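Asks: Could you work out the structure for the sequence below:
(one chain, ligands or ions: 1)
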Amino acid sequence: MEQTKNLGIYIHIPFCIRKCAYCDFLSFASEENTRKGYIQSLIAEIRQWEDVERWHITSIFIGGGTPSVLKKEETAGILEAVYNKFQVDDDAEITTEANPGTLTKDKLYAYREQGINRLSLGLQSVHDQELKLLGRIHTYEDFLKGFHMAREAGFSNINVDLMSALPGQTVDSWRESLTKILRLKAEHVSAYSLIIEEGTLFYEKYAEDARLRDLGEDCRILPTEEDERSMYYETRRLTGEYGLEQYEISNYAKPGYECRHNQAYWLRQDYLGFGLGASSLIDNVRFCNTADLKLYSRGIFKKEEREVLSVQEQMEETMFLGLRMKDGVSMEAFEKVFHTPFSAVYGKTVLDLKNEGLVQTEDERLFLTEKGFDLSNYTLAQFLQ
Ligand code: SF4
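Replies: Below you'll find the predicted structure:
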């Protein structure tokens with residue numbers, strides 16, 4: 001029998017209770033009927049997918065939006081469609097994102113029964129005034145309740161999302177958020193810096209401040225660049241103290257608890273996205289679903305245009321995604337995939353970056369140094385030809 005290939009599945013649930021002030025994800029508040037119609041379309045999209053035999057599913061990631069706004073039966077229906085259609089590995093990592101304000105004991109037990117074995121909780125901060133400013137619907141107390149209920153329901157692999165560089169946040173308040181979560185012994189922490197995105201409420205309020213900060217000038221409400229950097233160093237130090245390793249620029253895990261779904265993405269393995277606006281990468285062709293809810297709910301899922309990635313684009317992605325990870329990129333694997341000596345493509349770039357102390361090579365692997373991680377935007381951009 002022909003060997004099947006690894007495939008990750010992403011499922012997008014675009015609904016939230018209300019829009020957070022900083023969020024530019026494809027997500028919005030919704031009525032129950034809209035949700036019902038959407039789930040039907042989503043299940044139809046999964047059932048219609050034809051290219052099935054050559055894959056086995058190593059991970060499923062239900063993201064959003066807020067997947068936990070769905071009723072337990074709705075989540076069950078979606079997963080059932082996937083299980084019926086695809087060959088899902090027994091040990092597949094199956095994650096759902098959840099907002100602490102939407103969790104119940106019943107839902108968490110149901111998730112476990114449905115095969116979900118990893119929970120990703122969007123907390124962002126342990127300070128209620130920061131949560132309020134962000135427009136989150138939950139308090140820290142809500143999160144704690146949800147976290148302990150998840151443990152009781154049998155979740156032994158929990159990620160907590162935290163956000164640094166918030167308006168008015170100090171290095172001390174960030175340290176407190178991080179420490180409290182690490183004391184809870186979460187297996188995984190994602191710690192991202194706030195980005196002021198256009199089209200959000202925060203953009204209206206803080207765009208000017210962000211501009212000043214980018215120019216290296218004094219900003220009034222956002223933490224300075226120096227404080228932002230201190231928060232990053234504190235994250236690295238504290239996670240290390242509590243036994244979590246930084247395995248990607250913004251992700252920290254206990255050994256063995258790295259998010260396999262995201263790792264596959266950074267390694268450019270094929271993935272298939274279902275749901276509104278979801279994108280897919282199959283055999284170096286990228287295609288995307290419509291972001292128009294009306295079209296999607298009428299069963300018009302895929303956009304017409306498909307992007308066939310050139311060899312150069314594939315190489316660039318291999319580098320700037322692969323180098324996000326602590327282990328970096330295997331130059332040997334690169335040569336096998338592209339049938340080209342690594343040095344012929346990136347020899348000069350690597351030499352220059354080594355001279356700047358930003359990358360390092362060891363055992364045929366190229367990876368970022370600590371300084372390279374600190375200056376990752378600049379360093380990764382050098383691999384775009
Ligand atoms: S809960 Fe998440 S997806 Fe929904 S609005 Fe807030 S940040 Fe965006």
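
Asks: and C288, how far is that from the ligand?
Replies: 18 Å (CB to the nearest ligand atom, to the nearest Å). C-beta coordinates here come from the backbone N, C-alpha and C atoms, glycine included.

Asks: and that residue, how many neighbours?
Replies: 15 (other CB atoms under 10 Å).

Asks: Close to the ligand: what parts of the stretch 51-200 of the chain are there?
Replies: 64-66, 99, 122 (CB under 6 Å from any ligand atom).

Asks: hmm, 8 Å instead?
Replies: Taking CB under 8 Å from any ligand atom as the contact definition, the stretch 51-200 of the chain meets the ligand at 64-66, 97, 99, 122, 134-137.

Asks: The residue nearest to the spatial centre of the chain: which element?
Replies: Most central in the chain under CA atoms, centre = their mean is N262, positioned 6.5 Å from the mean C-alpha point. Using DSSP states H and E, N262 maps to helix 260-266.

Asks: buried ones in that helix?
Replies: For helix 260-266, a neighbour-count test (16 or more other CB atoms under 10 Å) marks 260-266 as buried.

Asks: same question, stretch 87-95
Replies: Within stretch 87-95, judged by 16+ other CB under 10 Å, the buried ones are 88, 92-95.

Asks: same check, this time on stretch 337-347
Replies: 338, 342, 345-346.

Asks: Would you agree S120 is in contact with E97?
Replies: Yes: with contact defined as CB atoms under 8 Å, S120 counts as touching E97 (4.6 Å).

Asks: still on that earlier bit, pLDDT averaged over whichever helix or strand comes after the helix holding N262, what's the number?
Replies: Counting by DSSP H and E, the next helix or strand C-terminal to helix 260-266 is strand 271-274. For strand 271-274, the mean pLDDT works out to 97.

Asks: Let me have the buried residues of stretch 337-347 in CSV, extended by distance to the ligand.
Replies: Below are the buried residues of stretch 337-347 laid out as CSV (distance: CB to the nearest ligand atom, whole Å):
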residue, distance to the ligand
F338, 36
F342, 39
V345, 38
Y346, 36
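
Asks: In a markdown table: those residues, plus secondary structure.
Replies: Converted to a markdown table, the buried residues of stretch 337-347 look like this (DSSP: H, G, I helix; E, B strand; the rest coil):
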| residue | secondary structure |
| --- | --- |
| F338 | helix |
| F342 | helix |
| V345 | helix |
| Y346 | helix |
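
Asks: what's M149 sitting at in phi/psi?
Replies: phi -60, psi -40 (degrees, to the nearest 10).

Asks: Enumerate every residue touching it.
Replies: 103-105, 108 (CB atoms under 8 Å, 6 or more residues apart in numbering).

Asks: just N117 next, same as before
Replies: Counted by CB under 8 Å, 6+ apart, N117 has contacts 93-95, 155, 157.

Asks: farthest-separated two in the residues you listed?
Replies: Spatial extent of the contacts of N117 (CB to CB) is set by the pair E93 and F155 at 12.6 Å.

Asks: what touches both of these two?
Replies: Shared contacts of E93 and F155, counting by CB under 8 Å, 6+ apart, come down to 117-118.

Asks: helix/strand/coil for G277?
Replies: Quick answer, by three-state DSSP: G277 is coil.

Asks: R18 against R136, yeah?
Replies: No: between R18 and R136 there is no contact under CB under 8 Å: 9.4 Å.

Asks: so what's Y296 up against?
Replies: 38, 41, 275-276, 289-290.

Asks: quick one: low-confidence ranges for this protein?
Replies: The model of the chain has pLDDT under 70 over residues 1-2.

Asks: Show me it divided up by domain.
Replies: Using automatic domain parsing, the domains assigned to the chain come out as 5-266, 311-385.

Asks: Alright, that wraps it up for me.
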